[in-house]
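Participant: Sequence plus the predicted model coming up.
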Amino acid sequence: MTKPKIIGLTGSIGMGKSTVAAMFTEAGIPVFDADAEVRRLQGPGGELVSAIEAAFPGSTGPDGVDRDRLGKQVFADKAALARLEAIVHPAVAARRVAFLETHHDKRAVVFDIPLLFERGGHEAVDLVVVVSAPEAVQRARVLVRPGMTPEKFAHIFGLQLHDSHKRERAHHIIDTGTSLDETRAQVVALIASI
């Protein structure tokens, strides 16, 4: 049985990874979105809500995990963050395995994983694609997000491997500091090369 080529798609916050993932989807390449899976697992009726509430009392409600309340409990606390990741990561990994089984007959699939290098996920993919843009573009994109502050951005930025290191380790780089049409052309060219 052949298996699809697994493309690991990553990029730091604000680099345009979600936009590029959507371009892969438009081109017919199935995309596993790790962040979307986390939102489902932590949303209303999500299978991780009770475990997260047990570990972080007061962090959930009728709509599932309250990201702001949970964030206050894990923000700047590495031990708390590690406890949360020990709950979330195995569940996401199981969903990723199921996704791959569902799409076993495709020529390629994309694993959209923000912390691909930071969590060692790059070892489980065939090709690493890093989405990148100039730092000034990244900062401007992030700071217009609702609820984002320079402090939150600095914290998130500090948790992620610097863009220059990701670029060094990439098999391919998609530059999103250009127009959407130019970015799409890069994605189409990459797909054609697989």
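Facilitator: Happy to help now that I have it.
Participant: So which bits of stretch 155-172 are buried?
Facilitator: Burial within stretch 155-172, assessed by neighbour count using 16 or more other Cβ atoms under 10 Å, is assigned to Phe157, Gln160, Asp163, Lys166, Ala170. Any C-beta I mention is one placed from the backbone N, CA and C, and that applies to glycine too.
Participant: neighbours around Val109, how many?
Facilitator: Val109 has 23 neighbouring residues, counting by other Cβ atoms under 10 Å.
Participant: Using PDB, write out every CA atom in the host helix or strand of it.
Facilitator: Taking DSSP states H and E as the definition, Val109 sits inside strand 108-112. The C-alpha trace of strand 108-112 is given here as PDB (Å, rounded to 0.1, in the frame of the first residue of the first chain):
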ATOM      1  CA  ALA A 108       0.100  14.200  -0.600                       C
ATOM      2  CA  VAL A 109      -1.400  15.500   2.600                       C
ATOM      3  CA  VAL A 110      -0.500  18.600   4.600                       C
ATOM      4  CA  PHE A 111       0.000  18.500   8.400                       C
ATOM      5  CA  ASP A 112      -0.500  22.200   9.400                       C
END
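Participant: From the rest of the structure, what touches the helix or strand Lys72 falls within?
Facilitator: Here Lys72 sits within helix 67-74, counting by DSSP H and E. Helix 67-74 is contacted from outside by Gln42, Ile52, Phe56, Gly58, Ser59, Thr60, Ala80, Leu81, Leu84, Gly147, using Cβ atoms under 8 Å, 6 or more residues apart in numbering.
Participant: pLDDT at the fifth one, what is it?
Facilitator: Going back to what we said before, that points to Ser59. Ser59 carries a pLDDT value of 93.
Participant: could you give the mean pLDDT of stretch 66-86?
Facilitator: 89.
Participant: Just the buried residues of it, please?
Facilitator: Neighbour-count burial for stretch 66-86, counted by 16+ other Cβ under 10 Å, picks out Asp66, Leu70, Gln73, Val74, Arg83, Leu84.
Participant: related to what we said a few turns ago, separate out the buried members of the contacts of helix 67-74.
Facilitator: Neighbour counting by 16+ other Cβ under 10 Å classes Gln42, Ile52, Phe56, Ser59, Thr60, Leu84 among those as buried.
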